[in-house]
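[1] task: produce atomic coordinates for the following.
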Amino acid sequence: MKFAFLIFLLLPIAGQTYVAWRTWQLLPDIMPLRMAVVGLMALAFVTFFVAMSGVIDRWPMPLATLTYEVGTSWLMILLYLFLVFVCLDVLRLCHVVPSAALHSNGWLSGGIAVALTVLFALAYFHYNDKKRVEMMVTTKKNMKKDVKLVLVSDLHLGYHNTRADLHRWLTLLKAEHPDAILIGGDLIDGSYRPVAQEHMAEEFRNLDIPVIACLGNHDYYTGLNADLQFCRDAGIMVLRDKAIFLDGIGNITVIGRDDRTNRQRKSLSEVMRGVDKSRFLIELDHQPYHLEEAENNGVDFEFAGHTHHGQVWPISWITDAIYEDAFGPLRKGQTNYYVSSGLGIWGAKFRIGTQSEYLVLTIRQQ
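    Okay, here's the model as predicted:
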C-alpha cells in the first residue's frame, strides 16, 4: 500500500517536472511569459494535492469546487502534455524534428495550446453526453413477465458532479420507466459535504422507483456512516453481502456484494447460502475481479463498474490489461456480465476514447 502511494506521488511529480522544463524551453524567450505559464502550471499541480487532502471541506463551497475542478482537470491535461512532449522528443531523437524547433517556438507553443483546448472542450461535452446502452438477456427460468432494469455505476457525486448533474441523469433514467434502478457502487466521490449541503438525496426520493445499490471503494473513502446515511435519506436499499428477492418485479433476486475494500467481506458462496437458484440471479459487485465466482455459483447476470474504462485514452489500455473485462459485455458459461464505464466520473469531467453510460437491461424468458 505504501509502495502504491509512493508511485501515485512520484509519477505525477516526475511528469510535472518534465512538462514544466520542456514548456519553459518551447515558449518564446520572454521571461515574464515563461515564468507566468510555468508558475500557473505549478499552482494547478499543487491544487490537485490540496483538493485530495480534504482540507477544502472547510472552505467556502465555490472555492472548494474550483480547487477540486482545477486540480483534477490539470492532472488530465498534464497527461496529454506529457504525451505531446514525449512524442516531440522521440521525433527529435529520430531526426524528424530539428532540435531548434523545440526551443523558443511561439508557433508550436500556440498550436499545442489550441489543439489541447479543442480536445478537452470536446472531451467535456462528450462526458456530458450520456450514452444509452441496450442489452437483452434471455433465460429458461420462469420470469412471469419481461423485466426492464436500468443499471448504472460510479456516480461519484461531490464537488464536480453536482445536484444539477444528478437531476439530469435521473431524468434520463426515469424516462426509461424501469421496474428498478440498480447502482453498482461509488455513489459518492469521497466527500460527504457537497452531497449533504446540496441535499442530493431529495433527487432520489422524487424518483418513485425502487433503487438498489452495492458499495464501492469511494463509498468507503467518503466514510461508511456518512455514505449509508445518504442512502437512507435517499431511500436507496444498500446490499452489503446480502440477497433480496424483488417481490412483484418478475422472478428476480439481487445479490449485493460489499466492496473489496472491506477485507472481511463474505465470499459469494457464503452470501448465496439459502438463495433460491430457480430465480433469475443478478449480482452487483463494484470491482470486476474474479468473474469466475459468479459463473461457479450459478449467477445469471453480474454487473460491475469501477474501471471507468480508464476515463481517457491511453489509460483505457491499462485497464484492458489489468481486468479480464474492463468494459462492456462478456459471457462465461451460462453467466452474462456487463462492466460499465460509469455514468459519472472521478475527478475531471473529461472522456477521451471512453463513454459515460447507463445500461438498459431487458430480461426475457425464452
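
[2] break the protein into its domains for me.
    Domain assignment for the chain by automatic domain parsing gives 2-127, 131-365.

[3] got JSON lines for those domains, with mean neighbour count too?
    Just so you know, the C-beta spots here come from the backbone N, C-alpha and C atoms, and that holds for glycine as well. Formatted as JSON lines, these follow (neighbours: other Cβ atoms under 10 Å):
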{"stretch": "domain 2-127", "mean neighbour count": "15"}
{"stretch": "domain 131-365", "mean neighbour count": "19"}
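
[4] dump those to a markdown table, plus mean pLDDT.
    Shown next, in a markdown table, are the domains of the chain (pLDDT from 0 to 100):
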| stretch | mean pLDDT |
| --- | --- |
| domain 2-127 | 95 |
| domain 131-365 | 97 |
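
[5] so which elements touch whichever strand or helix holds I7?
    Taking DSSP states H and E as the definition, one finds I7 inside helix 2-26. Helix 2-26 sits against helix 31-53, helix 61-93, helix 106-128, with contacts defined as 3 or more Cβ pairs under 8 Å, 6 or more residues apart in numbering; DSSP states H and E.

[6] who's in contact with that helix?
    Outside helix 2-26, the residues that touch it by Cβ atoms under 8 Å, 6 or more residues apart in numbering are 34, 37-38, 41-42, 45, 48, 75, 78-79, 81-82, 85, 88-89, 102-105, 108-109, 112.

[7] ok so, going back, need the helices and strands packed on helix 2-26 in TSV with distance to H167, can you?
    Below are those laid out as TSV (distance: least, Cβ to Cβ, whole Å):
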stretch	distance to H167
helix 31-53	24
helix 61-93	17
helix 106-128	13
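
[8] can you check which of those helices gets nearest to Y159?
    With Cβ to Cβ as the criterion, Y159 lies closest to helix 61-93 of the helices and strands packed on helix 2-26, at 4.0 Å.

[9] how distant is that closest one from the center of its chain?
    Its chain's C-alpha centre and that of helix 61-93 lie 18 Å apart, by Cα atoms, centre = their mean, to the nearest Å.

[10] that helix vs helix 106-128, what angle?
    130 degrees (axes from the mean of the first three to the mean of the last three Cα atoms, to 10 degrees).

[11] tell me what helix 61-93 is packed against?
    helix 2-26, helix 31-53, helix 106-128, helix 192-197.

[12] quick one: the first one to helix 31-53, angle?
    Interaxial angle of helix 2-26 relative to helix 31-53 (the same axes, to 10 degrees): 160 degrees.

[13] separation between V118 and F125?
    11 Å (Cβ to Cβ, to the nearest Å).

[14] which residues of the stretch 151-300 of the chain fall in helices?
    163-174, 192-197, 201-205, 217-222, 224-234, 268-271, 292-296 (DSSP state H, counting those that start in this stretch).

[15] elements contacting the last one?
    In terms of contacts (3+ Cβ pairs under 8 Å, 6+ apart), helix 292-296 is packed against helix 268-271, strand 328-332, strand 335-339.

[16] about what we covered before: of the helices and strands packed on helix 61-93, which is nearest I318?
    helix 2-26 (12.5 Å).

[17] ok now the closest one, how far from the chain's centre?
    23 Å.

[18] now do stretch 94-107
    38 Å.

[19] stretch 123-133 too?
    Counting by Cα atoms, centre = their mean, stretch 123-133 comes out at 13 Å from the chain centroid.

[20] can you list contacts of that stretch?
    With Cβ under 8 Å, 6+ apart, stretch 123-133 has contacts from 169, 172, 312, 343, 345, 349-352, 355-360.

[21] pull the CA atoms of that stretch into PDB?
    The C-alpha coordinates for stretch 123-133 follow below in PDB (Å, rounded to 0.1, in the frame of the first residue of the first chain):
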ATOM      1  CA  ALA A 123     -13.900  15.700 -24.100                       C
ATOM      2  CA  TYR A 124     -16.000  17.800 -21.700                       C
ATOM      3  CA  PHE A 125     -19.100  17.700 -24.000                       C
ATOM      4  CA  HIS A 126     -18.500  14.000 -24.600                       C
ATOM      5  CA  TYR A 127     -18.600  13.400 -20.900                       C
ATOM      6  CA  ASN A 128     -21.900  15.100 -20.500                       C
ATOM      7  CA  ASP A 129     -23.400  13.200 -23.400                       C
ATOM      8  CA  LYS A 130     -24.600  10.100 -21.600                       C
ATOM      9  CA  LYS A 131     -24.900   7.000 -23.800                       C
ATOM     10  CA  ARG A 132     -27.800   4.700 -23.600                       C
ATOM     11  CA  VAL A 133     -26.700   1.100 -23.900                       C
END
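
[22] so what's the residue positioned nearest the centre of the chain up against?
    With distances taken as Cα atoms, centre = their mean, I345 lies nearest the centre of the chain, 3.7 Å away. Under the criterion of Cβ under 8 Å, 6+ apart, the contact partners of I345 comprise Y127, D154, H156, H160, N161, H308, Q311, R351, S356.

[23] please tell me how far it sits from D154.
    For I345, the distance to D154 - Cβ to Cβ - is 7 Å.

[24] try K349
    13 Å.

[25] what's the answer for Q197, then?
    21 Å.

[26] cool, and A115?
    Applying Cβ to Cβ to A115 and D154 gives a distance of 29 Å.

[27] also C87?
    31 Å.

[28] then A304?
    Distance from A304 to D154, by Cβ to Cβ: 10 Å.

[29] ok, now F280?
    Counting by Cβ to Cβ, the gap between F280 and D154 amounts to 24 Å.

[30] over to T162?
    T162 is 16 Å from D154, by Cβ to Cβ.

[31] G71 too?
    Counting by Cβ to Cβ, the gap from G71 to D154 is 19 Å.
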